[in-house]
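K.L.:
Sequence first, then the predicted structure:
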Amino acid sequence: MNHTDQHDSAALKHIEKEFNEWEKNEVESFIKRAPESQSEYTTASGMPTKRTYTPLDLKNTPFEDIGFPGQYPFTRGPYPTMYRGRNWTMRQIAGFGTARETNGRFKYLIAQGQTGLSIDFDMPTLMGYDSNHPMSQGEVGREGVAIDTLADMEELFDDIDLTKISVSMTINPSAWILYAMYIALAQQRGYDLNDLSGTIQNDILKEYIAQKEWIFPVRPSVRLVRDCIQYGSENMKRYNAINISGYHISEAGSTAVQEVAYTMATTMEYVKTAIDAGVDVNEFGPRLSFFFVSQADFFEEIAKFRAARRIYAKIMREKFGATNPAASRLRFHAQTAAATLTKPQYTINPIRTALQALSAVLGGAQSLHTNGMDEAFAIPTEEAMRIALRTQQIIAYETNITQVVDPLGGSYYVESLTDEIEREVWKILDEVEELGGTLQCIDDGYFQRGISDSAYDFALRKASGERPVIGVNMFVQEEEDVEIETHPHDPETERRQIERLNRVKNNRDEEKVQSMLKQLKEQAEDESVNLMPLTIELVREGASMGDIVETLKGIWGTYREKPVI
């Protein structure tokens, strides 16, 4: 033992002695004052929290696990300068009605200082139905923007330079088609694809686990994700072909630990699939991106983000052999928790959102969406979106917290909680591996049961008041019948969208489109073929979302979930 080690050991022993004496006196005093109130305190995930944290809680944490910002394992942030170099991207989501209407909202948000676009699509688009399909009736443009053909994509980004602003698209089952439309539009405009930035969500496995929006069976769906990753790694050096999402896992009812663990399990499946297809992990790894929620437990969320970076770094280097540091560097978009917003006393929702946004920033997010105060019950109004965006801007420009990288690094509590979350995540990942891997666990309902159990537990705690929700089970007010301004749905949207779709189909070379759809069938039957190039050609020729999806349903069928018992 060298002199420094002796000094550190002696210091820890001294702290331990002092702490034990203090703790003994304080506990005895507490018991005398309140013998009946010895309830257990935990994080939102149920991890016990102590009253006080000291250096003793970090004595088994190697410095290498904390390290420096921008260095492996990236606990303290993916970049050495973080927000001193540039602020996070402020990316408010938008999407409703037709492409023209959403284009107007984009331009409004850009004028308010938004620095990235994020797109919500309507349910028919998400599920691969054209707007004139019987299943689309009543849903066209209602919960997001309707996109049937490349013509809609052209109008969606009309007069917006895609090389100057990053674009995120929240879509999964039909993601590769929207990706193809985006690429075809960029090529049509003469852009270099390497100048495009942003991400398409494209995380189909979390749909089977949590969000329940799917079309095809699991394995061909993963093949489509692989094709996007492969195409992107070869042609689009700044665009993320996948945004692996814990957000929807959390919103379905998981704990923070489950959110990270299940997300890392799906990540390993995507990485393995891409490597098996011959794609170099050092090439596609830097273009993997992530999407997490920022929930209500302030410090647990900060620790969750830090633990996720560390776990991912270790997975990529130790399991998959990544040698490019960028391939082990987790970058993530965060969204404040929609599930925490309430309709009762909805005007206090911006306070929840501000604190959740602050935890995302202190946790090192690269991109952030803050929810509108009315998002619990409607598409946000322009005022609600402006307030949500201003929330981010106040954090960025008025608080000075961007001046120091990972300002909570070294906090006894935050570092200890980061360690604890990491340990619990590895336990789940080891269990997933023992049970046969991610796909087997999806087939067996392992993830679904875990979320169901934690969601039920949370519902019980909320109902009992153990988990306070202001305005719902605590400080409840009798609400007056106030008129709430909501974003209107135009009943003419569906008619206009169908007319547009029909015009495209009437003006295209039908014989050529049908020939290419036949070729798509042939390529789909050969798992080694990448379907992205042909899909890009199809949308360029006027093929619709429904044309492509229905063709592949004839080959692959559709997915039916087994009941979770």
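P.N.:
Nice, thanks for sending it over. Numbering: from 1, shown residues only.

K.L.:
quick one: contacts for the nearest residue to residue 130 once chain neighbours are set aside?
P.N.:
Computed as C-beta to C-beta, 6 or more residues apart in numbering, the closest residue to residue 130 that is not its neighbour in sequence is residue 546, at 3.3 Å. Yep, even glycine has a C-beta here, placed from its N, CA and C like the rest. The contact partners of residue 546, taken as C-beta atoms under 8 Å, 6 or more residues apart in numbering, are 128, 129, 130, 133, 148.

K.L.:
ok, the nearest residue to residue 377 once chain neighbours are set aside to residue 253 distance?
P.N.:
In this structure, residue 377 finds its nearest non-sequential neighbour in residue 343, 5.2 Å apart by C-beta to C-beta, 6+ apart. Look at residue 343 and residue 253: by C-beta to C-beta, to the nearest Å, they are 19 Å apart.

K.L.:
More neighbours: which of these two?
P.N.:
residue 253 (19 against 14; other C-beta atoms under 10 Å).

K.L.:
May I have the secondary structure class of that one?
P.N.:
coil (DSSP: H, G, I helix; E, B strand; the rest coil).

K.L.:
Surely it and residue 460 touch.
P.N.:
No - assessed by C-beta atoms under 8 Å, residue 253 is found out of contact with residue 460, at 11.8 Å.

K.L.:
which residues touch residue 158?
P.N.:
100, 103.

K.L.:
And the pLDDT at it?
P.N.:
Looking at residue 158, its pLDDT is 97.

K.L.:
I'd assumed residue 374 was in a helix, is it?
P.N.:
No - Residue 374: not assigned to a helix; according to three-state DSSP it is coil.

K.L.:
For it, what are phi and psi?
P.N.:
Phi and psi for residue 374, reported as degrees, to the nearest 10, are phi -100, psi 10.

K.L.:
before we move on, what about residue 228?
P.N.:
According to degrees, to the nearest 10, the main-chain angles of residue 228 amount to phi -70, psi -40.

K.L.:
so the residue nearest to residue 392 when sequence neighbours are not counted bridges to which residues?
P.N.:
Among residues not flanking residue 392 along the chain, residue 90 sits closest, at 4.8 Å (C-beta to C-beta, 6+ apart). Counting by DSSP bridges, residue 90 forms beta bridges with residue 368.

K.L.:
Verify the stated contact: residue 90 with residue 116.
P.N.:
Yes - the pair residue 90 / residue 116 is scored as a contact, 6.7 Å apart, by C-beta under 8 Å.

K.L.:
which ones are touching the residue most central in space within the chain?
P.N.:
Closest to where the C-alpha atoms of the chain average out (C-alpha atoms, centre = their mean) is residue 291, at 2.2 Å. With contacts defined as C-beta under 8 Å, 6+ apart, residue 291 is in contact with 201, 203, 243, 244, 245, 246, 247, 332, 333, 334, 335.

K.L.:
Contact partners for the third one?
P.N.:
Contacts for residue 243 (C-beta under 8 Å, 6+ apart) come out as 168, 199, 200, 201, 202, 203, 289, 290, 291, 333.

K.L.:
Quick check: which ranges of the chain have low pLDDT?
P.N.:
1-7, 26-39, 480-482, 487, 565 (pLDDT under 70).

K.L.:
could I get the helix or strand residue 299 falls within in PDB with only the CA atoms?
P.N.:
Here residue 299 is covered by helix 298-314, with elements defined by DSSP states H and E. Output of helix 298-314 as PDB, limited to C-alpha atoms (Å, rounded to 0.1, in the frame of the first residue of the first chain):
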ATOM      1  CA  PHE A 298     -35.600  14.100  -9.900                       C
ATOM      2  CA  PHE A 299     -32.400  12.400  -8.700                       C
ATOM      3  CA  GLU A 300     -33.300   8.900  -9.800                       C
ATOM      4  CA  GLU A 301     -33.800  10.200 -13.400                       C
ATOM      5  CA  ILE A 302     -30.400  11.900 -13.400                       C
ATOM      6  CA  ALA A 303     -28.700   8.800 -12.100                       C
ATOM      7  CA  LYS A 304     -30.600   6.700 -14.600                       C
ATOM      8  CA  PHE A 305     -29.200   8.700 -17.500                       C
ATOM      9  CA  ARG A 306     -25.700   8.400 -16.200                       C
ATOM     10  CA  ALA A 307     -26.000   4.700 -15.500                       C
ATOM     11  CA  ALA A 308     -27.400   4.100 -19.000                       C
ATOM     12  CA  ARG A 309     -24.400   5.700 -20.600                       C
ATOM     13  CA  ARG A 310     -22.000   3.600 -18.600                       C
ATOM     14  CA  ILE A 311     -23.900   0.300 -19.200                       C
ATOM     15  CA  TYR A 312     -24.100   0.900 -22.900                       C
ATOM     16  CA  ALA A 313     -20.400   1.800 -23.100                       C
ATOM     17  CA  LYS A 314     -19.500  -1.500 -21.400                       C
END
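
K.L.:
Next secondary structure after it?
P.N.:
Counting by DSSP H and E, what follows helix 298-314 is strand 332-336.

K.L.:
coming back round to it: tell me who's in contact with the residue nearest to residue 392.
P.N.:
Residue 90 neighbours (C-beta under 8 Å, 6+ apart): 113, 114, 115, 116, 368, 389, 392, 393, 396.

K.L.:
and residue 467, how many neighbours does it have?
P.N.:
Residues lying near residue 467 (other C-beta under 10 Å) number 16.

K.L.:
so it sits right up against residue 461, yeah?
P.N.:
Yes - counting by C-beta under 8 Å, residue 461 is a contact partner of residue 467 at 4.1 Å.

K.L.:
Got the phi and psi for residue 43?
P.N.:
Dihedral pair for residue 43: phi -70, psi 180, per degrees, to the nearest 10.
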